[in-house]
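Engineer: Show me the folded form of this:
(one chain, ligands or ions: 1)
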Amino acid sequence: MMKTAKMVLDKDFRVGDVDNRIYGSFIEHLGRAVYGGIYEPDHPTADNDGFREDVLDLVRQLNVPIVRYPGGNFVSGFNWEDSVGPRAERPRRLDLAWRTVETNQMGVNEFADWAKKANTEVMMAVNLGTLGVDAARNLVEYCNHPGDSYWSDLRRKHGYEQPHKFKTWCLGNEMDGPWQIGHKTAEEYGRIALESGKVMKWVDPTIDLVACGSSNSKMPTFPEWEATVLEHTYDVADYISLHTYYGNRNDDTPNFLAKSLDMDNFIETVVSVCDYIKAKKRSKKTMMLSFDEWNVWFHSNEADRKMEPWQVAPPQLEDVYTHEDALLVGSLLLSLLRHADRVKVACLAQLVNVIAPIMTRNGGGAWAQTIFYPYMHASLYGRGTVLNPIIDSPVYDTKEFDAVPYLDSLAVYNEENDEITIFAVNRDLEHVLNLECDLRSFAGYTVAEHIVLENADLKAVNTEDNPNNVVPHNGGDAKLEAGTVTAGLPKASWNVIRLTK
Ligand code: AHR
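Structural biologist: Alright, predicted model coming up:
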């Protein structure tokens, strides 16, 4: 049965400006993200620093503005001093978070070098699990202070004359989770985050700080955790973090594709808690959100349970993503954009090999997974102002969600370049969805292209031997006539309709 969804876009209906850091990502010392991912000195494409050029090329295609580092769970046991100075003197340590051996052959300075080559910024995390105030302030001094002090001079001695000037810093990671090394109660964490953040800003007042929110919205302490942590950190923190991962564990695709409604709800709840604390404190400041871990993650769970411990860079968390995963990633990006007024940073977790859009083989190729494409499209074309669409779509019910719109869509208006980009997911697995989009206040535009990511097989994947199995094409049928864009959105598809003057 043919279905139609209607949408209205207007210049004056705005959510807010997109902070480009919403297209951030994440590299943790975990699995083959670092070793065999971004760093492999023996690889045929390795540059003078040992960085894989084939991976750098793919990262640059994504135009990633910021990359969180070095964890994740790893950071809660990380002695940052192990990772700097002459490589031969760096210790091999047991990483208790992932039960592996960390060689420290790549560390803070090398990551700053890699980030420059990838045209990205570093979002640095401090260890508030086994370490605390002292190590945190020392790391800021080492990274950001120009010189003539113990830690900044040590950096200079290590060959880095200029400070790295890392701007955004995470105050630990997922400290609400019992799996975390040095897990804390909200009171304990709130205190240490406040005291660490305070002195980190005394060392460098230009930095921004992210306090840990809950590890996910199903945690028993959510959202009380946020309220308590913010009671302590409201004045010192600039952002509160959110993390979430989704999976299609019961092979119920209609329900899986609706999971972005859960993300919407999570964001809106955290915004409410932030505003409650703002009111309680009679504060003028509005707390912003850093959604610094989000993705699909479930395919690799079984294999990871069987992983032998204490290996160096084993293939952990290597999800091979399907076409339907790419559709949900598209919808999750739309959820972040829908909240562009409050979500200022977000990190697709992660970037290479570990639940990642980019995969590699040690000594072999690098290729783009299915989820690479919606992420790249949003990052390239989703910069500007998010327009608040009025949508009238047919809906369906699932096990977890009622009234799920078949059409998931919004538009980003780039006023400077006179461009409007409509992003749309058709969640209908059986039928084309006709889109009718009234452009009312926008005159003089034409359809520049209608990119479509579709596949007859929802479980289709890309591999090293078949990297182009799931790739977008430019053959969408969108047209603009009499102020209305019409398009047939293929069943189970991700669409990017670009309008230019
Ligand atoms: O991204 C993988 C892991 O997921 C991170 O280390 C942790 O923060 C989260 O639980």
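Engineer: which intervals of the stretch 251-400 of the chain have sub-threshold pLDDT?
Structural biologist: For the stretch 251-400 of the chain, no stretch is flagged by pLDDT under 70.
Engineer: wait, what's in contact with the one residue in the stretch 301-450 of the chain that gets nearest to the ligand?
Structural biologist: Distance from the ligand to each residue of the stretch 301-450 of the chain (Cβ to the nearest ligand atom) is smallest for A349, at 4.2 Å. Quick note: C-beta positions are derived from backbone N, CA and C, even for glycine. If you count contacts by Cβ atoms under 8 Å, 6 or more residues apart in numbering, A349 has them with 25-26, 72, 243, 245, 292-295, 297, 355.
Engineer: cool, V55 as well?
Structural biologist: Counting by Cβ under 8 Å, 6+ apart, the residues that V55 touches are 37-38, 352, 358, 360, 366.
Engineer: So which of the residues you listed wins on neighbours?
Structural biologist: Counting neighbours by other Cβ atoms under 10 Å, I38 leads the contacts of V55 with 28 neighbours.
Engineer: Is it correct that that residue is in contact with W114?
Structural biologist: Yes - with contacts counted by Cβ atoms under 8 Å, I38 reaches W114, the gap being 5.7 Å.
Engineer: Next, show the common contact partners of these two.
Structural biologist: 51, 56.
Engineer: Please name the nearest non-neighbouring residue to the residue of the stretch 301-450 of the chain closest to the ligand.
Structural biologist: Setting aside the residues directly before and after it, A349 is nearest to E293 in space (Cβ to Cβ, 6 or more residues apart in numbering), at 4.1 Å.
Engineer: so how far is the longest helix seen in the chain off the chain centroid?
Structural biologist: The longest helix of the chain (DSSP state H) is helix 260-280. Helix 260-280 has its C-alpha centroid displaced from the chain centroid by 19 Å (Cα atoms, centre = their mean, to the nearest Å).
Engineer: show me the residues around L480 that make contact.
Structural biologist: Neighbouring residues of L480 by Cβ under 8 Å, 6+ apart: 439, 445-447, 499.
Engineer: is the ligand contacted by whichever helix or strand comes after the longest helix of the chain?
Structural biologist: For helix 260-280, the following helix or strand on the C-terminal side (DSSP states H and E) is strand 288-296. Yes - on the criterion Cβ under 6 Å from any ligand atom, strand 288-296 is in touch with the ligand at E293.
Engineer: what's in contact with the helix or strand that strand 288-296 is followed by?
Structural biologist: Per DSSP H and E, the first helix or strand lying C-terminal to strand 288-296 is helix 301-305. Outside helix 301-305, the residues that touch it by Cβ under 8 Å, 6+ apart are 247, 315-318.
Engineer: residues of helix 301-305 that come out buried?
Structural biologist: Within helix 301-305, no residue counts as buried by 16 or more other Cβ atoms under 10 Å.
Engineer: Report the angle between the helix or strand that that helix is followed by and strand 288-296.
Structural biologist: Using DSSP H and E, the helix or strand that follows helix 301-305 in sequence is helix 323-338. With axes from the mean of the first three to the mean of the last three Cα atoms, to 10 degrees as the basis, helix 323-338 and strand 288-296 are set at 170 degrees to each other.
Engineer: Output helix 323-338 as CSV, restricted to C-alpha atoms.
Structural biologist: The C-alpha coordinates for helix 323-338 follow below in CSV (Å, rounded to 0.1, in the frame of the first residue of the first chain):
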residue,chain,number,x,y,z
HIS,A,323,22.2,-2.1,6.2
GLU,A,324,19.6,-1.9,8.9
ASP,A,325,22.2,-0.7,11.4
ALA,A,326,23.1,2.2,9.0
LEU,A,327,19.4,3.2,9.0
LEU,A,328,19.3,3.4,12.8
VAL,A,329,22.6,5.3,12.8
GLY,A,330,20.9,7.7,10.4
SER,A,331,17.9,8.1,12.8
LEU,A,332,20.2,8.5,15.8
LEU,A,333,22.0,11.4,14.0
LEU,A,334,18.6,13.0,13.4
SER,A,335,17.8,12.6,17.1
LEU,A,336,21.0,14.5,18.0
LEU,A,337,20.3,17.2,15.4
ARG,A,338,16.7,17.6,16.6
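Engineer: And the next helix or strand past it?
Structural biologist: Immediately after helix 323-338, counting by DSSP H and E, sits strand 343-348.
Engineer: Around the ligand, pick out the residues from this protein.
Structural biologist: Counting by Cβ under 6 Å from any ligand atom, the chain sits next to the ligand at 28, 71-73, 173-174, 215, 293, 349-350.
Engineer: at 5 Å what do you get?
Structural biologist: Those residues of the chain that sit near the ligand, judged by Cβ under 5 Å from any ligand atom, are 72-73, 174, 349.
Engineer: give me the residue from the stretch 1-150 of the chain nearest the ligand.
Structural biologist: For the stretch 1-150 of the chain, Cβ to the nearest ligand atom, closest residue to the ligand: G72, 2.9 Å.
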